[in-house]
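Undergrad: make a model of this:
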Amino acid sequence: MATPAADSGGARGIYRALWLCAALLILATAAWLYWPGIDGPALLDDKSSLGRLEQLVEQPDYLSELVAGERSGPLGRPLSVWSFALEKIYLGGASPTTKTINVLLHVFNGALVMYFCLLLLRAAGIPAYRSLAVIAGAAWLVSPLYISTVLYMVQRMAMLAATLVLLSCIGYLRWRVALSRGEWAWSWLLAALVFGLAAPFAKENGVLVLPLVICIELFWFGFRGEGGQVIGWLKHGTLASLTAMILLPLLFLVLNPGYFEAQFRSRDFTLWERLLTQSRVVWDYVAQHIWPEVARKIEQCNIRNYSIFHRDGLLFAYFEYVGTDFEADMEAMAADPRTQEWWDMVKPMQKPVENLRPGEWWADMEEVFHQD
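TA: Numbering: from 1, shown residues only. Reported below is the predicted structural model:
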């Protein structure tokens, strides 16, 4: 006859199996959702950023020069460049191959997010931590904002940095949980340090590993060790790191006030234009959910297939009109109070082109070719 302890252990085993199946199903679903995009075209600066890889086909010894010559960021992003270069040498580096690797890396990062959340919630003693970790990972995997990262080939740099940051945080969590039991677990601490130091060499946003680890210690563990006692050296080290993280960037900006603006001198847009553009894109995404009346008004005014494209600081809009009185529909749209609020919000983020006709904000263009 089975004992209650055996029954409880069997139930836990079934629960773990169900949790694992749910996690695998979500990861497979995420891959399935992104898979149609692997046959899509190169985007924005994909070709200009990855074009130099073609030389590796004829000159494999060009690899060291390629890595050393990368100037996308202050650290050169050598780990990301290596990943693109090795893919080119051994897999051919065609666009579908690159995007397939990006999709698989995104799925792997989703699994890391689930495991990170599992460790974090379990350390806090939160019930149903496995289920909550799966939900958190699923939300991260299908976030619409990641479409422009996963299918934008060169953004593997950001994804690879995220991989290393997550691995570092997982290593820190494993070490920290062991330390709370009075154990040191040096291997996990070493893993956290190695992955954390490597992350900025994939892309500069990898430096976010430091504030993430500080937040984990401050708000999750509270410097407490075995028996709930505060670990003095850990508390002082964390607070010192937090102080340095705040003061060192400020000191750098004081000593180099024009550093960030100088990074944009060779581009067709300034730092401030880049920041305003990013905020406009984010706000446009949010506004579609907060102000659905604007989108409905566009449809009511017989506008279909409305798209806005961006290239080198220039916005190009395309739409198809299916009504019978274009002028009347445009007047109705302009008179709509909610649409006026939206225009007032986005106009400061736009700069009209020269030689506008009276009353124009967006300049009309003449069609010079058309084929159905």
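Undergrad: which parts of the chain are strands?
TA: 303-311, 314-321 (DSSP state E).
Undergrad: nearest to residue 134, of these?
TA: strand 303-311 (35.7 Å; CB to CB). Heads up, the C-betas are built off the backbone N, CA and C, glycines and all.
Undergrad: may I ask which helix or strand of the chain has the lowest mean pLDDT?
TA: helix 271-290 (a mean of 64; mean pLDDT, DSSP states H and E).
Undergrad: quick one: which of the strands of the chain is nearest residue 294?
TA: Nearest to residue 294, of the strands of the chain and by CB to CB, is strand 303-311 at 11.2 Å.
Undergrad: what number of residues lie near the closest residue to residue 80 other than its chain neighbours?
TA: Excluding the flanking residues, the one nearest residue 80 by CB to CB, 6 or more residues apart in numbering is residue 157, at 4.0 Å. Residues within reach of residue 157, counting by other CB atoms under 10 Å, total 24.
Undergrad: next one, pLDDT for residue 157 please.
TA: At residue 157, the model reports a pLDDT of 92.
Undergrad: pretty sure it is touching residue 78, no?
TA: No: Residue 157 lies out of contact with residue 78 (CB atoms under 8 Å); the separation is 10.6 Å.
Undergrad: next, the buried residues of stretch 205-221.
TA: 206-207, 209-210, 212-213, 216-217, 221 (16 or more other CB atoms under 10 Å).
Undergrad: check those residues and tell me the two furthest apart.
TA: Greatest spatial distance in the buried residues of stretch 205-221: 206 and 221, 22.6 Å, computed using CB to CB.
Undergrad: for the closest residue to residue 45 other than its chain neighbours, which residues are in contact?
TA: Nearest non-adjacent residue to residue 45, counting by CB to CB, 6+ apart: residue 154, 6.3 Å away. If you count contacts by CB atoms under 8 Å, 6 or more residues apart in numbering, residue 154 has them with 45-46, 49-50.
Undergrad: also residue 225?
TA: 179-180, 182, 231, 234.
Undergrad: relative to residue 250, how far out is the residue nearest to residue 45?
TA: In this structure, residue 154 and residue 250 are 31 Å apart, going by CB to CB, to the nearest Å.
Undergrad: now tell me what touches stretch 232-252 from outside.
TA: Counting by CB under 8 Å, 6+ apart, 179, 210-211, 214, 217-218, 223, 225, 259 sit against stretch 232-252.
Undergrad: how about a cut-off of 7 Å?
TA: By CB atoms under 7 Å, 6 or more residues apart in numbering, the residues outside stretch 232-252 that reach it are 210-211, 214, 217-218, 223.
Undergrad: list the buried ones in that stretch?
TA: 234, 238, 242.
Undergrad: can you put the residues you listed in a markdown table and add distance to residue 104 and pLDDT?
TA: Putting the buried residues of stretch 232-252 into a markdown table (distance: CB to CB, whole Å; pLDDT from 0 to 100) gives the following:
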| residue | distance to residue 104 | pLDDT |
| --- | --- | --- |
| 234 | 37 | 93 |
| 238 | 35 | 93 |
| 242 | 36 | 92 |
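Undergrad: out of these, list just those in helices.
TA: 234, 238, 242 (DSSP state H).
Undergrad: domain parsing for the chain?
TA: As recorded under automatic domain parsing, the domains making up the chain are 4-221, 259-372.
Undergrad: quick one, helices of the stretch 51-200 of the chain?
TA: Using DSSP state H, counting those that start in this stretch, the helices of the stretch 51-200 of the chain run over 55-58, 63-68, 78-91, 95-123, 129-141, 147-150, 156-180, 186-198.
Undergrad: minimum distance to residue 255: which of those helices has it?
TA: helix 186-198 (24.1 Å).
Undergrad: compare the contacts of residue 154 and tell me which has the most neighbours.
TA: Going by other CB under 10 Å, residue 50 tops the contacts of residue 154 with 21 neighbours.
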